[in-house]
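Undergrad: Pasted the sequence and its predicted model underneath.
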Amino acid sequence: MKKILITMFLFLFILYLSFEKATIIEAEKYTTFEEIVFENDYVTLLDTWNEGDDEYYLGFLNKRPMFGWDIYYTLRKEPFTYIAETLYHVKNQGKENIQHTFKYEESYEDTIQRSVKGDIKVTASYSENSKKGTPEFKGGLEEKLEFEYKQSRKTKTTEEDTVKIVVAPNSELFIKVKGKGYLYQGVAKKFFFFVNVTKGGFEYAVITTEYYSIDMVALEPVVDDTFDSLDDDFDDDFDDEDFDYEEW
Amino acid sequence: MKNGKNIIIISLISLFIIFSMVLIYVFMNKYDDVDILSVRKEYNHIFQSKTDTLNIPIYIGKRNTFLSNFNEIESTSISSSDYTLSSSLEAIEVGSTLFYNNDKYYEYIYHLSFSLYDDFDEPIFLNDGLFNITYKNGNKLSFEIGNLALLFNSHIVTTGDMIFTKLSALTDEIDGIETIVGINATIRNNNDFNIHIKSISLGNKHYELDYMNYKTNTVDSVSDLSSNGEEYNYKELFIDDGDMSLIIERKNMINLFIPLKYTKSIVCVERFPIYVTYEINGNEMTFIQDDFQFVKHINDLEYNDVKKYVYRYN
C-alpha cells in the first residue's frame, strides 16, 4: 500500500513538473533604467539584496499549505521615478533644417515588469500570432499576488501616432522619457502535498506615467586627427571635459 | 439487454440536456447586455495629411461583438453642438485588457482620418465632443469623448527662423488631477535678424499658455512657481491681446517657462501643438510645433472622466 502511495505521489509530482513548461525570460526592462529613484530611502531593488536577505525574509513564512503559495511582501506600492534610455535619436549633419517625423511608441512592452530571485521564475507564454510572449510569474504565482496592478496593466500597442519635429543643422535630437510608477517586492514558497518545491524572491514594477521631452544638442566638432602625434604635447594643457559642446 | 437499452436512452437524454444547456448558455451570453466605456479626454491635434489619425479608445465588456468589428461599421464621425466632421475609419486596433470597478474591459482603439485638411488656419474647437458610429445593422451609437481642438492644414511649413531645441512640461496635481501646469522651452533664433515673439499659444479655449507671465528661465519644480509660500494660482488665466515683447537676438537662444492656466475646470492635459507668432524683419509669421505628447498616463480609465454605456440587444 505504501509503495502504491509513493508511486502515485511520484507520478503526480512528475505530472506537475511537466505542466510547468514555459520559456524562462530574464529580468525585465525596469532593472536597466538609466536611473531609478525611490521616494523612500529604504527601498532597494531585488537584485541588490545581500546574500542571506532572501533566507531572512523567507523566515517570515510559517504556513505550510497542502498546495499553492505562501507569500510575504517586503515592500508594497513604493513610489519611484525613473529615467529610461533615450527613446529616439536622430542626427542632422547637414547645413539646413530638416523636418523629422517621429513615430510614438510606448517605451514599455508591458506596464508590469518582473524580477525574481531563487527558484521563482518569470516565463513568457506565446500565442500563435505573437512573437513576443506575455511574461508572467511561473507556477501560478501570478494569480496569487495581490495584483492591484490589474487595474492599470497595459501591454504595448502599435499606435500609428506621429509628430513632426524640426532638427537644426549640425545637431542631434533626442526624445527622452522619464516616468513614474510603483514597486512591489517579497518572498514566496510553493508547496505540493505539504512539500516546499519552490522558494525565492519576487518583484514587480508598475509603470503609471511617462513624460516625454525634446532635447537637441550641437554635434561635437569633427576632430582632425592629422596632427595626432602632436596631441600628446597638448593633452596636459587642454582638458577636453571642460569644453561644453552643448553651448550653441 | 434491457439494461443496455436503458443506459443508451439515459446517455442520449443526458447528452441532449447538456447540448441544450450549452446552446442556451452560448445564446444567452451572446445576447447579454454589453457594457461600454468611453473616456472624456483632451484632444489637441494637427492633421497635415490623411495618414494623421485621431485615435479614440473605447472599452467594451465583451470580445468579438459587432461593436468592434470593422466590417460591421458603415460610417463614423465626431461632432459637437457646433460641428459635425465626418471621418474615415482606418482601423480598429485591439489594445489591452483592463479592469474598471473590478469589471474586465477590452480596449479597442478606433483610428479616424479626415479629408478636410486644407481649409482651416485656426483649430476647430469641438466642445463636449461625441464619437458617432453608424453600424450596417442600423444601430447608431454616440460616445462622449471630451473636448477636441483640431487644426486641419496640409500647408504647414517650417520657416527655419526658429526652432525648439528643448521642450518639456511641468506637471502638478490640481484638484486631484495630475496635469500640465507649464512648459519649459528653449527657442533658438536661426536667423540673421532679431525675432520679436508676440504670442505663444496652444489654441485651446479651456486652457491656454499664459504668455504674458512667462519667465526667462526654465522651472524644474512646482515649488519654484510659488511666491512667498503661497499656492500658485493655475485657474486665473489672463489672456491679453498685447504683445509678449520678447526679443531673441540673431543667432541666439532663450530659455523660457510659460505657465498653462485653466479657464474652466481643471482637466488632464497631455498633448498639444504650440503656435508661436513672431515678427522678423518687419514681417509677421507663425511657427507651429506639431502636437507633442508631453505626458502619457498609461491607463486612461484612471486619469480621466469615464462614461459608461450599456448596449442591449433587441
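TA: The structure has been received and is ready for your questions.
Undergrad: Which residue ranges of the chain form helices?
TA: Reading this off chain A. For chain A, the helices defined by DSSP state H occupy A:2-18, A:53-58, A:141-144, A:228-235.
Undergrad: please go with chain B instead
TA: With DSSP H as the criterion, chain B has helices at B:2-30, B:300-303.
Undergrad: List the buried residues in the shortest one.
TA: Just to be clear, that refers to helix B:300-303. For helix B:300-303, the neighbour count (16 or more other Cβ atoms under 10 Å in any protein chain shown) marks B:300, B:301, B:303 as buried. Heads up, the C-betas are built off the backbone N, CA and C, glycines and all.
Undergrad: which residues does the closest residue to the first one other than its chain neighbours contact?
TA: Spatially, and ignoring its direct neighbours in sequence, residue B:300 is nearest to residue B:39 (4.7 Å; Cβ to Cβ, 6 or more residues apart in numbering or on different chains). Residues in contact with residue B:39 (Cβ atoms under 8 Å, 6 or more residues apart in numbering or on different chains) are B:57, B:59, B:145, B:146, B:300, B:301, B:304, B:305, B:306, B:307.
Undergrad: repeat that for 7 Å
TA: Taking Cβ atoms under 7 Å, 6 or more residues apart in numbering or on different chains, we find residue B:39 in contact with B:57, B:300, B:301, B:304, B:306.
Undergrad: Dump these to TSV, plus pLDDT.
TA: Shown next, in TSV, are the contacts of residue B:39 (pLDDT from 0 to 100):
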residue	pLDDT
B:57	94
B:300	85
B:301	86
B:304	86
B:306	94
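Undergrad: Return the two entries of those that lie farthest from one another.
TA: The two members of the contacts of residue B:39 with the most space between them (Cβ to Cβ) are B:57 and B:306, at 10.9 Å.
Undergrad: Neighbour count: the two, which is higher?
TA: Applying other Cβ atoms under 10 Å in any protein chain shown to residue B:57 and residue B:306 shows that residue B:57 carries more neighbours, namely 21 against 16.
Undergrad: Bridged to that one, which residues?
TA: Residues in a beta bridge with residue B:57, per DSSP bridges, are residue B:109.
Undergrad: now swap in residue A:80 and tell me
TA: residue A:38, residue A:181.
Undergrad: Indicate the residue of the stretch 101-250 of chain B located nearest to chain A.
TA: residue B:168 (3.5 Å; Cβ to the nearest Cβ).
Undergrad: center of chain B, which residue is that?
TA: By Cα atoms, centre = their mean, the mean C-alpha position of chain B lies nearest to residue B:43, the distance being 3.5 Å.
Undergrad: ok so, going back, quick one, which of the helices of chain B gets closest to residue A:100.
TA: Of all those, helix B:300-303 comes closest under Cβ to Cβ, at 27.7 Å.
Undergrad: Tell me how far the closest residue to residue B:97 other than its chain neighbours lies from residue A:193.
TA: What sits nearest to residue B:97 in space, not counting adjacent residues and going by Cβ to Cβ, 6+ apart, is residue B:106, at 5.7 Å. The gap separating residue B:106 from residue A:193 is 39 Å, by Cβ to Cβ, to the nearest Å.
Undergrad: Neighbour count for these two, which is higher?
TA: The residue with more neighbours, out of residue B:106 and residue A:193, is residue B:106; 18 against 11, by other Cβ under 10 Å.
Undergrad: quick one: contacts for the more buried one?
TA: B:59, B:60, B:63, B:97.
Undergrad: Just the buried residues of the residues you listed.
TA: The neighbour-count criterion (16+ other Cβ under 10 Å) marks B:59, B:60 among the contacts of residue B:106 as buried.
Undergrad: quick one: low-confidence ranges for the chain?
TA: With no chain named, the answer covers chain A. For chain A, the stretches with pLDDT under 70 are A:1-29, A:105-109, A:125-134, A:146-160, A:221-248.
Undergrad: nope, chain B
TA: B:1-2, B:25-31, B:117-119, B:157-158, B:227-229, B:237-241.
Undergrad: near chain A, which residues of it show up?
TA: For chain B, the residues in contact with chain A (Cβ under 7 Å from any Cβ of the partner chain) are B:53, B:55, B:93, B:95-96, B:98-99, B:109, B:111, B:158, B:160, B:163-169, B:188, B:190, B:253, B:290-299, B:302.
Undergrad: Mark which of those are buried, thanks.
TA: B:53, B:55, B:93, B:95-96, B:98-99, B:109, B:111, B:158, B:163-169, B:188, B:190, B:253, B:290-299.
Undergrad: among those, which are in strands?
TA: B:55, B:93, B:95-96, B:98-99, B:109, B:111, B:163-169, B:188, B:253, B:290-293, B:295-297 (DSSP state E).
Undergrad: before we move on, back to that, just name the closest of the contacts of residue B:39 to chain A, please.
TA: residue B:301 (8.1 Å).
Undergrad: which residues does the closest residue to the closest one other than its chain neighbours contact?
TA: Using Cβ to Cβ, 6+ apart and skipping residues adjacent in sequence, the residue nearest residue B:301 is residue B:100, 5.0 Å away. Contact analysis of residue B:100 by Cβ under 7 Å, 6+ apart lists B:37, B:59, B:301, B:306.
Undergrad: what's the burial count for the nearest residue to residue B:44 once chain neighbours are set aside?
TA: Excluding its sequence neighbours, the residue lying closest to residue B:44 (Cβ to Cβ, 6+ apart) is residue B:272, at 3.8 Å. By other Cβ under 10 Å, the residues close to residue B:272 number 28.
Undergrad: Looks like residue B:272 contacts residue B:291 (just checking).
TA: Yes: using Cβ atoms under 7 Å, residue B:272 makes contact with residue B:291 at a distance of 5.8 Å.
Undergrad: Find the residues that touch each one of those two.
TA: Shared contacts of residue B:272 and residue B:291, defined by Cβ under 7 Å, 6+ apart, are found at residue B:44.
Undergrad: Please name the residues that touch residue A:80.
TA: By Cβ under 7 Å, 6+ apart, the neighbours of residue A:80 are A:36, A:37, A:38, A:39, A:180, A:181, A:183.
Undergrad: Among these, which one sits closest to chain B?
TA: The closest of these to chain B turns out to be residue A:181 (Cβ to the nearest Cβ; 8.7 Å).
Undergrad: which ones are touching the closest residue to residue A:65 other than its chain neighbours?
TA: Once flanking residues are discounted, residue A:65 sits nearest to residue A:191: 5.2 Å by Cβ to Cβ, 6+ apart. Contact partners of residue A:191, counting by Cβ under 7 Å, 6+ apart, are A:64, A:65, A:66, A:67, A:68, A:197.
Undergrad: Pull out the buried positions in the biggest strand by length in chain A.
TA: For chain A, the strand with the greatest residue count under DSSP E is strand A:195-218. Neighbour-count burial for strand A:195-218, counted by 16+ other Cβ under 10 Å, picks out A:198-218.
Undergrad: For residue B:13, see how far away residue B:19 is.
TA: 11 Å.
Undergrad: I'm done for today, thanks for sticking with me.
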